[in-house]
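Student: 3D, please:
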Amino acid sequence: MNKNADVVKALRKVVGTSYALMAQTHLCHWNVRGANFFSLHTAFEEQYTELFAAIDEIAERIRALGELAPGGLASLAAIGQVEEIAEDAKAADMAAHIAAVNAQLVEDLAAARDLAGEAGDSETEDLMIARTQVHQKHIWMLKSYLEV
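Tutor: Residues are numbered from 1 along each chain as shown. The predicted structure follows:
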């Protein structure tokens with residue numbers, strides 16, 4: 001068994017949740033409507049575009065640890081376990097949903113960070129810290145939007 005098995009399992013969860021967040025953010029980008037269309041449409045696009053590259057980096061970290069990265073929509077959905085938002089959701093509901101999924105991902109990142117720390121894997125720990133900062137910023141921005 002891989003000595004980093006717990007870290008890899010946690011990273012697989014991060015990939016699954018990240019992929020679900022990316023898909024949900026893309027859905028919101030396509031279907032957002034209303035007075036704040038342009039700002040949310042742009043914000044959602046920036047987020048899902050950034051996430052795509054981040055997921056690749058995390059999956060490659062799994063490979064660097066000697067394991068295979070997860071894939072396939074059904075597999076990733078089962079790993080991520082993210083509730084989906086309706087296609088016809090209101091803009092504010094979309095922002096709240098994406099903020100909540102970001103918060104769920106921050107929890108997954110913290111778990112992976114802690115396991116990496118315990119395993120002495122500072123590279124994975126550092127990656128999880130950097131990703132946490134990105135998602136905390138998204139949460140702040142989405143919650144700030146909802147305060148208007």
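
Student: Helix, strand, or coil at residue 46?
Tutor: Counting by DSSP: H, G, I helix; E, B strand; the rest coil, the backbone at residue 46 sits in helix.

Student: give the contact list for it.
Tutor: By C-beta atoms under 8 Å, 6 or more residues apart in numbering, no residues touch residue 46. (Glycine included, C-beta is placed from N, CA and C.)

Student: Outside of stretch 74-89 itself, list whatever touches it.
Tutor: Residues from elsewhere that reach stretch 74-89 (C-beta under 8 Å, 6+ apart): 12-13, 15-21, 24, 27-28, 31, 70, 93-94, 97, 101, 104.

Student: Just the ones of these in helices?
Tutor: 12-13, 15-21, 24, 27-28, 31, 93-94, 97, 101, 104 (DSSP state H).

Student: center of the chain - which residue?
Tutor: In the chain, the centroid-proximal residue (C-alpha atoms, centre = their mean) is residue 18; its distance is 2.8 Å.

Student: any idea which element the residue nearest to residue 131 when sequence neighbours are not counted lies in?
Tutor: Of all residues not flanking residue 131 in the chain, residue 109 sits nearest, at 5.3 Å (C-beta to C-beta, 6 or more residues apart in numbering). Residue 109 belongs to helix 91-118 when assigned by DSSP states H and E.

Student: List the buried residues for the worst-scoring helix or strand of the chain on mean pLDDT?
Tutor: Least confident helix or strand of the chain, by mean pLDDT, DSSP states H and E, is helix 73-80 with a mean of 89. With burial defined by 16 or more other C-beta atoms under 10 Å, the residues of helix 73-80 counted as buried are 76, 79, 80.

Student: what's the distance between the second one and residue 4?
Tutor: So the one you mean is residue 79. For residue 79, the distance to residue 4 (C-beta to C-beta, to the nearest Å) stands at 17 Å.

Student: Against residue 120, how distant is the closest residue to the residue nearest to the centre of the chain other than its chain neighbours?
Tutor: Of all residues not flanking residue 18 in the chain, residue 55 sits nearest, at 4.9 Å (C-beta to C-beta, 6+ apart). As for residue 55, its distance to residue 120 is 25 Å (criterion: C-beta to C-beta).
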